[in-house]
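Chemist: with the input below, show me the fold.
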Amino acid sequence: MKSNLAENTEVSMEKIKMSSTKLGPIEYTENDIITLSAPLLGFPELSDFLLISGDKSFPFIWFQATQDPDVCFILIEPKIFHPNYDPKINKRELKILGIEKEEDLKLAAIVVVPEDPKNATVNLRAPILLNPEKKLAKQVILEDDRWMIKAPLFAAKDK
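Modeler: Numbering: from 1, shown residues only. Next up, the predicted model:
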């Protein structure tokens with residue numbers, strides 16, 4: 001027997017449309033929005049983002065601001081390019097995001113792609129912590145000097 005509740009939820013979920021400068025037209029619902037518990041550095045007015053990925057962009061993920069169609073970051077899971085990336089995350093940060101088990105935490109890092117994509121860098125010093133279940137995120141600044149702000153994205157793969 002099919003649940004009427006699930007059926008009604010889908011119908012009542014209003015589609016929101018925006019036109020991203022980088023990605024073009026995007027349709028999403030309120031349930032798709034990731035809310036930052038504190039703003040990203042340099043973007044104090046933005047709190048709501050969408051994670052957009054697909055087969056064509058893998059392993060890159062778009063982090064599109066819903067409040068500003070011009071703000072869209074490229075994210076990666078750092079371990080894909082830097083397998084030894086294992087930052088120590090403060091338990092307080094996990095609590096802010098409602099993460100009870102560390103394995104529920106997803107890490108992302110912002111990628112900067114210059115004119116020559118081979119010189120792309122990734123910010124390993126200030127990862128974005130994600131709780132996909134609760135749709136919460138927070139950027140943290142790590143005190144560990146091992147992690148660079150402009151780590152070469154492809155250096156770890158080439159070795």
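Chemist: so L50 makes contact with T35?
Modeler: No - with contact defined as CB atoms under 8 Å, L50 does not reach T35; the gap is 11.1 Å. Where you see a C-beta, it was placed from the backbone N, CA and C, and this is true even at glycine.
Chemist: looking at the two, which is more packed in?
Modeler: Using other CB atoms under 10 Å, the more surrounded residue of L50 and T35 is L50, with 19 against 13.
Chemist: and that one, what's its pLDDT?
Modeler: L50 is assigned 97 on the pLDDT scale.
Chemist: mind checking how far E14 is from I110?
Modeler: To I110, E14 is 30 Å away according to CB to CB, to the nearest Å.
Chemist: so the two - more neighbours on which side?
Modeler: I110 (20 against 7).
Chemist: ok, now which ones touch that one?
Modeler: By CB atoms under 8 Å, 6 or more residues apart in numbering, the contact list for I110 reads 63, 73-75, 122-123, 126, 128.
Chemist: nearest spatial neighbour of K134, skipping sequence neighbours?
Modeler: G98 (4.8 Å; CB to CB, 6 or more residues apart in numbering).
Chemist: isn't that neighbour right up against L136?
Modeler: Yes - using CB under 8 Å, G98 is in contact with L136, at 6.3 Å.
Chemist: what about I33, how many residues nearby?
Modeler: I33, neighbours per other CB under 10 Å, totals 15.
Chemist: so it makes contact with D48?
Modeler: Yes - I33 is within contact range of D48, at 4.8 Å (criterion: CB under 8 Å).
Chemist: beyond the helix or strand bottoming out on mean pLDDT in the chain, next helix or strand please.
Modeler: Ranked by mean pLDDT, DSSP states H and E, the helix or strand of the chain with the weakest confidence is helix 4-12, at a mean of 45. Moving toward the C-terminus from helix 4-12, the next helix or strand (DSSP states H and E) is strand 16-20.
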